[in-house]
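# Predicted model follows, preceded by the sequence.
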Amino acid sequence: MKLSIKIKSAILMVLGLVITCSAIYSLNYIEFYSSNSCPEISKIKFVCPETDQVQFLKGECMPKKQWYKKALFTCKSQLESQNRQSPSRNLIRRPFVENSSARNSNQNHSHNHSHNHSHTGHTQDQNQNINQENLDAMQEPQGLTNKDNFHMHGDHKNIKQTFLKGPFAENDRVHENQSQFNCSSQDALSFNQNNLISSLQNNTFECLSYLFNYNQDLEGLFTQNHLNLVLNHLDGLDLNNLDTRQLPGLLRFVRTSFYNEFFYNLNFSEQSKDQAHNIYLNILNRIPSNTIDPNLNLIINEITAGTLKSHSYLFVDKYSEILNNFNQNPNQWNIYERELAVYSILYTLDLSLGIYDSLDRQYYQDQNFINSIDLELIQTLQSIASNQQMAQGPQSYIVENAIWILGHMVVFSEIPESQQILQFLTNLISQYPRLSNIFLRLVITFDHYNNCQTSNVEERYCIDDFTQEVDRTFLPNEYSFDDGSLEIKTSLELEEIEVLYQAANEVQNQFNRITQTLMPLRNDTNSKLKVVIYGSRSDYESYHNFLTNLPTNNGGIYIEPDGTFYTYQRTPQESIYTLEELFRHEYAHFLVGRFLIEGLWGQEPIYANDQVTWFDEGFAEFLTGSTQTSVSVRQTLISRIREDGSGRLTLQEIFNSNYGTFKFYRYAAVFFNYLYENDISKLRNILELVKNSNVEEYNIYIDQLANDIELENSYQNYINQKIQDLRQLSNPRSLFIDYNFLDTNNIRFIQSNFNQTRLGYRGNCSISSFEILSRFSCKGVLTGVRRQNQDFSQAWREFNDNLNEIIAESQSLRLNNFNSILCRVSSIYFIDLQNGYYYPSADYNCTGPLGMIPYQQINPLQKINQDFQSTRIGHLAQCYENDQVENQILCNLYLSSQVFPSSHDNLDLENQIQSLLNTSSNQVYASNPNFYSDFQCSLIESSQSIINYGSNHKYMRQRASCFLNY
């Protein structure tokens, strides 16, 4: 499930309604330009809805639609990087199903993944300047997202919050319907005027979910002629003798036509929208309001979710009937499809009351809908809001939703009963226990919609008045690891948290090995990770949103700009994934943002168009299988792939995945397992292209892999073999380390033993963290065998084996501190022997537990001098306090390359100087990563000089500068 948004949606699929705003997705103005060399469009001029500034894009020759989408993406990216205001609370709660395998996946896809971006709209004055085309675009479809937010990435400040919680599948293995249907957008290429009706009738909601993901395959499908054909067919059906099995595919087509119109400027006629909603109304009126038939309720959901806000006033009476019937009949409450239909209605009611931007400005509301609100609807919502039986069960989210909608109605003076509603809510809060989820929802409602004020002048309920009490009650424990680099706030006990800490170390160990990183990215700001773990899913749903204003329709959420990850303890009945697995997955996302990809998740070009979605989630799922010495194939993933049967994903499908389904996670993860075991060079190529954000070369390379038939066959055969070995596979599980029974906390004893290993005989060990769970760090340099080529794969395998040898040999010394030792390696570089041979070299770092060591005050200047002097390259470094910047130390060191023939390319000398600097800075950093969390080194370009050595040789000399903020 890297909201940026790195929400690095953790992975799990949760049902939710799309909230879309034309202020983001429609342009105020656009002009297209062609040229003699381009028969289509080569340049555009446009104005984003959030600004009056004219912008240009040029350089490519593309159709208008592709330029339009590119302009939309540009506007959204600019908005996301600029908008840092507090998000509004649009707090309708959605049916909760933590995993994609649960029953929600048979519903609906949307483009709105839980990596939610903020939705910024127009003020009332700005609205006066919106042209009619944009006003029409505001009437976007309301869709249910098909998401399993196992985790979410994001920017807390940019999350538009419309989310529901509710029906929970008893086991998330059930009904991952996408796995049961082998459908794709390529199927639509065969649809035409003659077979469109029959093709749609023979399909299901599940199979046609790909219609939400507009692409080139669908461009010829979504036309006015095709829409007219389907609408006219629906108009001609005899609804009194209707086989409802004919409806899903036809309704899905109509809904996705308007959905894609909003995002891709398809321009369907107003007449077709009116016709569609007359059809919707006729079908709904034929469906009994008390139906518990699953298929009929899915049809209700499809129609409700597909209703444009401009037409929702037509359905208010029917909505009231269904809600009232549901409220009075508890036998309907546990029918998932029925709850889903009710959820969709509640969402539509709230959305139709008005859309808010990130500054809490309500910029869209439909007056026809406001006028349609009657006493019957109000009384029905009040009856739900005061339903104590429902409030005490799993359907309490429906009670919360009703309260929220009633609070929304209070702001409208046009509604005669608005003050009566406020009085009702004021009386209601005394009926629910203090700090219960319903009580807190009422507090949020008063705070958001009426500035904390109840109907009683002296009675106010504000969120800020309760946050500390809620926090102390449900997150009472705070633990700090690695001298504050990892802070965990939770209701769980230390023993449970220590296991997660060890899991994080194992994941980082393998991440650093595979990516060859020791030091974080130069501009990364998340030197500390904060983790909040609620004691149960119920606590997470009840209190997380109240404390953070973040959604709860997920298994966890990572807010990258704040460096904070939120999740909860879960039971086997709630998820096939353990807390440890989710924690590992999220921690991997944190590492990618800190060590691999510059910038925030979703804001760099490499993230555009879902081109690295498969990488982002697959790599995290892969690293979830990290152990002390390798990355294992997880039994859970292979078991689920086996259940997919013939519905396996191909490499092409993996690379083209988006957040509309959870299915690709397991296939992408196992593809990384395949590369890790069989072709580390391809894995390295992918990592390098992603790290450098080289979008063009990345896409070329991925296309090559996607079309490599031999690779495809080898990957599928690898899966076959793992399925055969399923019983031998396992899932990650870290062991608890009892720090009270470690053999030593003496760092000199650790080093003397470490030096007894074959490869660690020159290693230098130090204390890397103090207090609770103190740790040691041993660093050194690995040198590979001489060879005639610079073969990275061979060198990596050699060094990977070297690290595992150090682990095995140190464990044989019978010092139990070494039982959980972890080792990693930095970038591999090759030293040219200038005789046709090379040998590889790389820095390594091994860490492990010490007995508790009280914190020792460190003299920063003394420490950095000692650490530089302990390296083979930086022993002549000169460090001093910076008089201009408080708590900063500056260091200078001079680096010299090997001696090369005078004719040798200077680029090799430059690369060697850079490698030397990397080696020195890596060794210093590895001695105490927590102390050096804000430590960087760089070469001074103006200091570079070539020095002649004799008559036929030369070497390079250059100064490097380092700084440490402490």
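On my side now, so go ahead. This one's a predicted model, so the numbers in the text were calculated from it and none came from an experiment.
# so how far is Q382 from S310?
27 Å (C-beta to C-beta, to the nearest Å). C-beta coordinates here come from the backbone N, C-alpha and C atoms, glycine included.
# how about the strands of the stretch 251-400 of the chain, start to end?
355-356, 362-364 (DSSP state E, counting those that start in this stretch).
# where among the ones you listed is the average confidence lowest?
Of all these, mean pLDDT reaches its minimum on strand 362-364 (a mean of 59).
# how near is E574 to R537?
E574 is 6 Å from R537, where distance means C-beta to C-beta.
# Low-confidence bits of this protein, can you list those?
Residues of the chain that meet the criterion pLDDT under 70 lie in 1-29, 32-39, 49-56, 58-60, 65-66, 68-69, 72-182, 355-364, 660.
# what domains does the record give for this structure?
Here the domain parsing of the chain from automatic domain parsing is 607-727, 737-856, 858-966.
# Export these as a markdown table, with columns for mean neighbour count.
Shown next, in a markdown table, are the domains of the chain (neighbours: other C-beta atoms under 10 Å):
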| stretch | mean neighbour count |
| --- | --- |
| domain 607-727 | 19 |
| domain 737-856 | 18 |
| domain 858-966 | 17 |
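# Turn those domains into CSV, including distance to L550.
Formatted as CSV, these follow (distance: least, C-beta to C-beta, whole Å):
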stretch, distance to L550
domain 607-727, 18
domain 737-856, 28
domain 858-966, 26
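# Ok, which of these comes nearest V470?
For V470, the closest of those is domain 737-856, at 26.3 Å, according to C-beta to C-beta.
# can you give me the end-to-end distance of the closest one?
This stretch, domain 737-856, spans 23 Å end to end (C-alpha to C-alpha, to the nearest Å).
# for stretch 597-617, same thing?
First residue to last in stretch 597-617 (C-alpha to C-alpha) measures 14 Å.
# Ok, stretch 947-955 next?
Start-to-end, stretch 947-955 (C-alpha to C-alpha) is 5 Å.
# again with stretch 819-835
OK, stretch 819-835 end separation, C-alpha to C-alpha: 42 Å.
# chain center to that stretch, what's the gap?
32 Å (C-alpha atoms, centre = their mean, to the nearest Å).
# for stretch 196-204, same thing?
Worked out by C-alpha atoms, centre = their mean, stretch 196-204 lies 34 Å from the chain centre.
# buried set for it?
196-197, 199-200, 203-204 (16 or more other C-beta atoms under 10 Å).
# what sits up against that stretch?
With C-beta atoms under 8 Å, 6 or more residues apart in numbering as the test, stretch 196-204 has contacts from 106, 181, 183, 190-191, 208, 226, 229-230, 233, 245-246, 248-250, 252-253.
# 10 Å - rerun?
With C-beta atoms under 10 Å, 6 or more residues apart in numbering as the contact definition, stretch 196-204 has outside contacts at 106, 177, 180-181, 183, 187-188, 190-192, 195, 208, 211, 221, 225-226, 229-230, 232-234, 243, 245-254, 298.
# Can you flag the buried ones in the residues you listed?
Buried among those (16+ other C-beta under 10 Å): 106, 177, 180-181, 183, 188, 191, 208, 211, 221, 226, 229-230, 233-234, 246-254, 298.
# ok so, going back, now render the buried residues of stretch 196-204 as JSON lines, adding distance to D843 and secondary structure.
Shown next, in JSON lines, are those (distance: C-beta to C-beta, whole Å; DSSP: H, G, I helix; E, B strand; the rest coil):
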{"residue": "L196", "distance to D843": "62", "secondary structure": "helix"}
{"residue": "I197", "distance to D843": "66", "secondary structure": "helix"}
{"residue": "S199", "distance to D843": "60", "secondary structure": "helix"}
{"residue": "L200", "distance to D843": "60", "secondary structure": "helix"}
{"residue": "N203", "distance to D843": "57", "secondary structure": "coil"}
{"residue": "T204", "distance to D843": "56", "secondary structure": "coil"}
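# Cross the contacts of stretch 196-204 against helices and list the overlap.
Mapping those onto helices (DSSP state H) picks out 177, 180, 225-226, 229-230, 232-234, 247-254, 298.
# what's around N241, how many residues?
6 (other C-beta atoms under 10 Å).
# Quick check: it vs R286, distance?
From N241 to R286 the distance is 10 Å (C-beta to C-beta).
# And for I747?
Distance from I747 to R286, by C-beta to C-beta: 78 Å.
# Next up, the contacts around the nearest residue to E598 once chain neighbours are set aside.
Nearest residue to E598 in three dimensions, chain neighbours excluded: L521, at 5.7 Å (C-beta to C-beta, 6 or more residues apart in numbering). Each residue near L521 by C-beta under 10 Å, 6+ apart is listed here: 593-599, 691, 936.
# at 8 Å instead, please
By C-beta under 8 Å, 6+ apart, the neighbours of L521 are 594-598.
# tell me the SS of it?
Assigned by DSSP: H, G, I helix; E, B strand; the rest coil, the conformation of L521 is coil.
# is it fair to say S938 lies in a strand?
Yes - per three-state DSSP, S938 lies within a strand segment.
# Tell me who's in contact with it.
S938 touches 522, 917, 960-962, counting by C-beta under 8 Å, 6+ apart.
# so how far is D832 from Q382?
80 Å.
# Where do the strands of the stretch 651-800 of the chain begin and end?
764-769, 775-783.
# Make a markdown table from those and add distance to I700 to it.
Formatted as a markdown table, those follow (distance: least, C-beta to C-beta, whole Å):
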| stretch | distance to I700 |
| --- | --- |
| strand 764-769 | 41 |
| strand 775-783 | 33 |
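# So for E495, which of these sits nearest?
Nearest of the strands of the stretch 651-800 of the chain (C-beta to C-beta): strand 775-783, 18.0 Å.
# Neighbouring strands - and their directions - for the closest one?
strand 764-769 (antiparallel), strand 838-849 (antiparallel) (DSSP bridges).
# Give me the phi and psi for the closest residue in space to N545 that isn't next to it in sequence.
Counting by C-beta to C-beta, 6+ apart, T552 is the residue found nearest to N545 once chain neighbours are left out, at 5.3 Å. With angles defined as degrees, to the nearest 10, T552 sits at phi -120, psi 10.
# My understanding was that T552 contacts E541; is that so?
Yes - using C-beta atoms under 8 Å, T552 is in contact with E541, at 4.8 Å.
# higher neighbour count, those two?
T552 (28 against 22).
# Tell me how far that one lies from S538.
10 Å.
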